[in-house]
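*Asks:* make a model of this:
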Amino acid sequence: MKLSSALKKEFMYFSRTFRMFGVIFSIMIFALADPVMIKGLGWMMNSLVETVEETAAGEEVFTEDDAAALSSFSDMDASGMMAMSIGDFTSTAVLIVLLIMMGPSGSEQKKRSIIIPRCAGLTPNMYVTPKFILYPLTGFLSGLLGMFSCAGVTSLLFEGAIDMGMLALAAVSVGLYIAFVMILELTLGICTERPGVSVITVLAATTVIPTLLSSFRIDKFNPFALPSIAQNAFLTDATVMGVSGNAELDMTNVAVSLLVTVILSLILYFTTLFVLTARQIENEGNEAIL
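*Replies:* Numbers count the residues shown, from 1 in each chain. Now for the predicted structure:
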């Protein structure tokens, strides 16, 4: 089987089961809705302050600090909104792709539906390679388009300009982070034949590992630093919650983190290929076991 044929087969499976459209549609919807929800929350906070003050008939209910805190969403500019949205966007996108990717990442091994194609001549390379091309590429493009869509809606709702160079850098960082998470899930799922376990493991890793790295002050030069890089790209000149940001973007950290992510993704691909190649199909007994 040629790679083009294997890619076509994987694409038909991915699109026919609506997983591809589920990834793209879900991420895009959240990217468009997040700035709208935050803007609406700001309006609600301002309305709450005005209503309570009118009801109090001149009595002081909120101090100046309290009123400023409640209405702080209105003081955000477009870059501040993008910086604030990065965390919500990446965590939601990761959860979406982890759940949708349970099928390709190990369920075929668990159901033993890969045994007949393997016996018919499907090589491990032609089985693994299309998955590591199609699914991460979809995740990367979804993150990329989601960030640009979010920036478009944010520009309409919030004041201030968004630096297009910083937006491009943040979009690439977020897209590559989503692609890496998908690759990690594919590796764990195919190697362990436990898609559910792979989802829980990767979800825990995306939560625990950044915290551990931060506690040891090594929260850079790794794939889990990419969301922070995207956030810092907007925090340089942003106003968040009424406070002007002064984050510094270390371009060395950016370059090394992106390079390390690509290298680790290749290592995970070759690890998956090695594990699947090393497995033998046992025909002893009542059923074949991979």
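*Asks:* toward the C-terminus, what is the element adjacent to the helix or strand bottoming out on mean pLDDT in the chain?
*Replies:* Using mean pLDDT, DSSP states H and E, the weakest-scoring helix or strand in the chain turns out to be strand 243-244, at a mean of 46. Where DSSP states H and E defines the elements, the next helix or strand beyond strand 243-244 is helix 251-278.
*Asks:* that next one: which residues count as buried?
*Replies:* N253, V254, S257, L258, V260, T261, S265, L268, Y269, T272, L273, L276 (16 or more other Cβ atoms under 10 Å). In this view, the C-beta of every residue, glycine as well, is placed from N, C-alpha and C.
*Asks:* what's near enough to touch the first one?
*Replies:* Contact partners of N253, counting by Cβ atoms under 8 Å, 6 or more residues apart in numbering, are K220, F221, A225, I229.
*Asks:* next, the angle from the helix or strand where L156 lies to helix 251-278.
*Replies:* Following DSSP H and E, the helix or strand that holds L156 is helix 124-157. With axes from the mean of the first three to the mean of the last three Cα atoms, to 10 degrees as the basis, helix 124-157 and helix 251-278 are set at 150 degrees to each other.
*Asks:* what comes up buried for helix 124-157?
*Replies:* Result for helix 124-157 [16+ other Cβ under 10 Å]: buried residues 124, 126-136, 138-147, 149-151, 153-155.
*Asks:* what's the angle between the very next helix or strand once past it and helix 124-157?
*Replies:* The helix or strand immediately downstream of helix 124-157 is helix 164-192, counting by DSSP H and E. Helix 164-192 runs at 150 degrees relative to helix 124-157, counting by the same axes, to 10 degrees.
*Asks:* please name every helix or strand in contact with helix 164-192.
*Replies:* Other helices and strands packing on helix 164-192, by 3 or more Cβ pairs under 8 Å, 6 or more residues apart in numbering; DSSP states H and E, are helix 78-100, helix 124-157, helix 195-215, helix 226-235, helix 251-278.
*Asks:* chain center to the fourth one: distance?
*Replies:* Spelled out, that is helix 226-235. 13 Å (Cα atoms, centre = their mean, to the nearest Å).
*Asks:* P35 sits in which helix or strand?
*Replies:* helix 19-55.
*Asks:* what helices and strands are in contact with that helix?
*Replies:* Contact here means 3+ Cβ pairs under 8 Å, 6+ apart; on that basis helix 19-55 packs against helix 3-16, helix 64-70, helix 78-100, helix 124-157.
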